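Student: fold the following for me, if possible:
(one chain, ligands or ions: 1)
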Amino acid sequence: MASQTMKLEGVRFIVTMDPERRIIRDGTVVIDGQRIAEVGKATDLQHVTADRTIDAREMVLTPGFCNGHMHISYAHATRGIFPDDIGNQYLPNVFRLQAVMTPEEEYHTSLLGITELLKYGTTCFLDPGSTKHLHATMEAYEQSGCRIMVGAHVTDQPNPINLPVYTTDQAISLMAQTIEGYNNRLEGRVQAWAMPFSSDFCSSELLQAAKELSDQHNTGLTLHQGGSASSVNNHMQKHGKRPIQYLEDQGVLGPRTLLAHVIGIDDAEIDSMARTDTKTVMCPTAALKGASGTTLQGKLPEMLDRGVCVALGTDAGNNANLIETMRSMYLAAIIYKDARQDPTAVPAETALEMATINGARAFGLDGDIGSIEVGKKADLVLFDTRRAEWRTLFNPVNNLVYNADGRSVHTVIVDGRVVVEDHKPTFVDEWELIQKVQAIGEDMLSRTGVSFPGRWPVA
Ligand SMILES: [Zn+2]
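Tutor: Numbering: from 1, shown residues only. Next up is the predicted model:
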């Protein structure tokens, strides 16, 4: 059977993110099956017919956004319960709650997280290994059509955040089984990575084994690399080195290694990352709310200057609360301007690169996604600009980064499949799902006894 063709016709601006960063005015994109078949001026592609045509004359088209750090499975059921002064004490509670989740509950909560991401334009994201029942959540990935990196986060050292402590051998075989069981599933939309939790809670043996697994399977490796003062002190005391230099010494850095958060780092650590082409992901939504000091000590401008690939993430719906990649893009573009009192810091174009093509590079998927080019996968977002926040419209990049947000996302396509149409998900009844997850959250709170009453009386 011939594959389905689709035509996005007369797009007001196509922000291609191709190597020349072309923006095509009044353009058309033709999709054949899962891939982009044509990109050009509408007048040049008028003759092309397709099974389905979308009139995109008042739309802006971008590649799907990539979120490089987003705990997809557990937060939605109990979102917003933690007071904003809780600090890192949310973590033991998060994992205590998650420990009681059934496969069916995790399927529903994952599906709601994915629904939110897709609706606001994030087509590809990385769950840093915190999904417990992958066999159940695979159904949510299949149903929604998202593109996702999964894994099993592991530790082999005692930790204060209630993560299960495995023996080193158990941890290695859990990572190996996860990669072997899930990598390249769902026509390649699912990639499985090695995910040691962090160098604070993993032995050097475990970190090195994770890197070997990622090399062996030609897949990625990610870990939390927060760079908090206590983590840096710990590494200095135990290893005589700062965390990222320690990782380089252990042979853990490299082009397929993705360090998450990277806030409290120094210039020598940036050198380590640049030298090894190590990828990074920053989560400004989580960092700002979590009082991480990202405006004071974050080194995004310096990393970009040194050519380090920096992608964007959000972290979870229970710490950042915000999981929209576009909000992280906005924050990446503004916070360093203010912190450094320098309007040239992180231009809008750079922030958009971070959210699209850099994200794709961080995933090792830039041959397939991250830009709108012939031959790439059709992972695309159409923004409806018939809205006050989009107008007036002259510079689509400025409007996208500084004015708009995910609410104007009209249509989302992943792998050639329309997953959001006229602002609504096509794969689920959203309200029914929300009610289901609300009930799951109420039940989880009563099963665990976790309770954080709000500061104001509820009458
Ligand atoms: Zn995380």
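Student: what separates residue 160 from residue 449, distance-wise?
Tutor: 20 Å (C-beta to C-beta, to the nearest Å). Placement of C-beta: from N, CA and C, glycine included.
Student: settle it for me: which of these two has more neighbours?
Tutor: The neighbour count for residue 160 versus residue 449, taken as other C-beta atoms under 10 Å, is higher for residue 160 (11 against 7).
Student: check which helix or strand covers that one.
Tutor: Per DSSP states H and E, residue 160 falls between elements, in no helix or strand.
Student: show me which helix or strand of the chain is least confident by mean pLDDT.
Tutor: Lowest on mean pLDDT, DSSP states H and E among the helices and strands of the chain sits helix 90-99, with a mean of 88.
Student: show me how far the next helix or strand after that helix is from its chain's centre.
Tutor: Following helix 90-99 in sequence order, the next helix or strand is helix 103-119 (DSSP H and E). On the basis of C-alpha atoms, centre = their mean, to the nearest Å, helix 103-119 sits 14 Å off its chain's mean C-alpha point.
Student: which other helices and strands contact helix 103-119?
Tutor: helix 134-144, strand 409-414, strand 417-421, strand 424-425, helix 430-448 (3 or more C-beta pairs under 8 Å, 6 or more residues apart in numbering; DSSP states H and E).
Student: now the ones you listed in a markdown table, with distance to residue 81?
Tutor: Below are the helices and strands packed on helix 103-119 laid out as a markdown table (distance: least, C-beta to C-beta, whole Å):
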| stretch | distance to residue 81 |
| --- | --- |
| helix 134-144 | 22 |
| strand 409-414 | 27 |
| strand 417-421 | 28 |
| strand 424-425 | 25 |
| helix 430-448 | 7 |
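Student: single out the most deeply packed of those.
Tutor: Sort the helices and strands packed on helix 103-119 by mean neighbour count, taking mean count of other C-beta atoms under 10 Å, and strand 409-414 sits at the top with a mean of 24.
Student: quick one: mean pLDDT over that one.
Tutor: What strand 409-414 shows for mean pLDDT is 98.
Student: ditto for stretch 424-438
Tutor: Stretch 424-438 carries an average pLDDT of 98.
Student: for stretch 294-314, same thing?
Tutor: Per-residue pLDDT over stretch 294-314 has a mean of 97.
Student: would you pull up how far that stretch lies from the middle of the chain?
Tutor: Its chain's C-alpha centre and that of stretch 294-314 lie 16 Å apart, by C-alpha atoms, centre = their mean.
Student: quick check: end-to-end length of it?
Tutor: 14 Å (C-alpha to C-alpha, to the nearest Å).
Student: list the contacts for the closest residue to residue 52 other than its chain neighbours?
Tutor: Nearest non-adjacent residue to residue 52, counting by C-beta to C-beta, 6 or more residues apart in numbering: residue 6, 4.8 Å away. Residues in contact with residue 6, defined by C-beta atoms under 8 Å, 6 or more residues apart in numbering, are 30, 31, 50, 51, 52, 53, 54, 378, 413, 416, 418.
Student: where are the low-confidence patches of this protein?
Tutor: Along the chain, segments meeting pLDDT under 70 span 1-2.
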